[in-house]
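# need coordinates for the following:
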Amino acid sequence: MSNIAIVVITYNRLHSLKRLIDSLLKATYDESVNLIISIDRSDIFEQMYDYASKIVWIYGEIEIKVAEKRLGLKKHVMQCGELLNQYEHIVVLEDDLYVSPGFYQYTKEMISKYANNENIAGISLYNYPRNQYANLPFTPQLDQYDVYFMKIASSWGQVWSRQKWAKFLEWSNINPSIDELHIPKHIKLWGGKSWLKHHHAYCAVENKYFVYPRMALSTNFSEPGEHASLDSTYQVELLSDVKSNYKTPNSVDDAIRYDEFFENENIKKDIPFNNLTIDLYGKKYIYERYVLTTKHLNKKIIKSYALRMKPWEVNVTHNIEGSDFFLYDFNVEERNFFKSRKSYKYKYLFKINSPREILNILLSYFFNKISGLKRC
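From the prediction side, this is the model:
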């Protein structure tokens with residue numbers, strides 16, 4: 001029996017639960033693994049329980065945990081964390097997720113590699129296509145490895161380990177408020193019902209990373225629920241097969257890594273200042289003396305770069321000169337005159353087609369729409 005359990009957290013979305021269970025049943029397991037379904041109280045609790053009680057799980061034992069009264073998402077998730085008293089590792093899945101057939105193989109390999117690494121706080125099955133704090137595209141820089149690291153806790157398919165979770169709980173008990181911490185302001189607005197914001201803050205303050213896969217092993221349907229009223233844009237492409245022998249770095253210093261604002265920490269080695277803030281997305285609000293940013297500031301410009309190569313941080317690595325983003329000395333006031341009032345970053349990040357290509361796409365869309373109406 002594996003000391004890894006799969007934990008499904010659900011409330012009142014029966015259709016979502018059925019879809020997630022279907023993906024779990026299609027996944028590949030090379031050892032016995034237990035499935036735990038934790039159901040919070042709702043108006044359709046009986047329907048949820050009736051479905052869960054009929055699931056045939058041939059890969060190990062199945063346990064259905066039920067709440068005596070309504071818990072709410074935060075308390076429900078934290079209560080599921082207590083299963084780490086029974087298991088060494090748990091894969092935590094909310095019901096609006098869907099997993100790859102190879103999620104369990106990935107989970108096992110990442111646990112084997114990083115379970116004893118003090119710099120790692122958890123393992124993500126999901127990978128972000130967007131910086132959710134800036135609402136802009138996010139593309140991690142490529143290297144030789146199949147994973148990268150972020151000081152951002154995962155909640156859309158994640159693996160918690162007993163010792164790592166215990167350290168997070170200890171920290172959160174000592175730090176009940178995160179209002180004074182330099183973390184994305186977006187996180188601070190999540191409110192008292194969020195458990196995730198504390199895990200984010202823990203990673204930021206304690207310099208802990210989550211392991212993120214370059215090929216996602218879970219995706220998020222982001223269906224309306226307790227904390228969301230509309231579907232979002234966080235659906236990602238899944239690995240459609242079972243991959244083994246992932247190529248992984250021995251330490252976080254050996255690979256691509258990002259801070260709590262989605263900023264690439266690696267490029268600091270390309271700039272000869274220790275007291276440097278990387279703020280290309282423009283969401284940081286506390287600066288050190290030197291600042292690399294897309295913002296237009298009236299500070300002394302030491303060097304400027306073009307936004308040509310992608311992802312944008314490699315323009316620094318390859319010293320692509322231009323006037324699209326800047327390295328400032330924040331201690332020195334200096335009047336600057338920029339070529340445009342607004343930063344070029346939005347045009348750069350969203351530019352995928354030429355004007356002619358966009359026109360052709362629109363014409364094709366309207367032609368097909370008209371043709372479709374005629375056929376009706």
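# low-confidence ranges, the stretch 251-376 of the chain, go.
Scanning the stretch 251-376 of the chain for pLDDT under 70 picks out the ranges 340-344, 347, 350-358, 360-361, 364-365, 367-376.
# what about the strands in it?
257-258, 276-279, 290-293, 299-305, 325-333 (DSSP state E, counting those that start in this stretch).
# out of the ones you listed, nearest to Ala27?
Closest approach to Ala27 among the strands of the stretch 251-376 of the chain (Cβ to Cβ): strand 257-258, 28.1 Å. (Each C-beta comes from the backbone N, C-alpha and C, glycine too.)
# from what I see, Tyr281 and Asn131 are in contact.
Yes: under the criterion of Cβ atoms under 8 Å, Tyr281 makes contact with Asn131 at 5.7 Å.
# need the residues touching each of these two.
Overlap of the contact sets of Tyr281 and Asn131 (by Cβ atoms under 8 Å, 6 or more residues apart in numbering) consists of Phe261, Phe262.
# quick one on the thing from earlier: could you dump the strands of the stretch 251-376 of the chain to TSV with distance to Leu24 and mean neighbour count?
TSV is the format used below for the strands of the stretch 251-376 of the chain (distance: least, Cβ to Cβ, whole Å; neighbours: other Cβ atoms under 10 Å):
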stretch	distance to Leu24	mean neighbour count
strand 257-258	29	22
strand 276-279	39	20
strand 290-293	43	22
strand 299-305	46	17
strand 325-333	44	17
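# what sits against the most centrally placed residue in the chain?
Residue closest to the mean C-alpha point of the chain, counted by Cα atoms, centre = their mean, is Tyr128 at 4.6 Å. Taking Cβ under 8 Å, 6+ apart, we find Tyr128 in contact with Phe138, Ile152, Tyr212, Tyr234, Phe262.
# out of these, which is nearest to Val8?
Looking across the contacts of Tyr128 and measuring by Cβ to Cβ, the closest to Val8 is Tyr234, at 19.0 Å.
# quick one, helices of this protein?
For the chain, helices defined by DSSP state H occupy the ranges 14-26, 45-53, 73-81, 103-114, 162-174, 185-188, 196-206, 314-317, 345-350, 355-375.
# about what we covered before: want to try CSV for the strands of the stretch 251-376 of the chain, with distance to Glu118 as columns?
Shown next, in CSV, are the strands of the stretch 251-376 of the chain (distance: least, Cβ to Cβ, whole Å):
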stretch, distance to Glu118
strand 257-258, 15
strand 276-279, 24
strand 290-293, 29
strand 299-305, 35
strand 325-333, 33
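# out of the ones you listed, which is closest to Asn12?
Among the strands of the stretch 251-376 of the chain, strand 257-258 comes nearest to Asn12, with 34.7 Å by Cβ to Cβ.
# against which helices or strands is the closest one packed?
strand 147-150 (3 or more Cβ pairs under 8 Å, 6 or more residues apart in numbering; DSSP states H and E).
# and the contacts of the strand it packs on?
Strand 147-150 is contacted by residues 110, 120, 124, 140-141, 209-214, 246, 248-249, 252, 255-259, 262 when judged by Cβ under 8 Å, 6+ apart.
# mind giving me the PyMOL command for buried ones among these?
Selection of buried members from the contacts of strand 147-150 for PyMOL, criterion 16 or more other Cβ atoms under 10 Å:
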select buried, resi 110+120+124+140+141+209+210+211+212+213+214+246+248+249+252+255+256+257+258+259+262
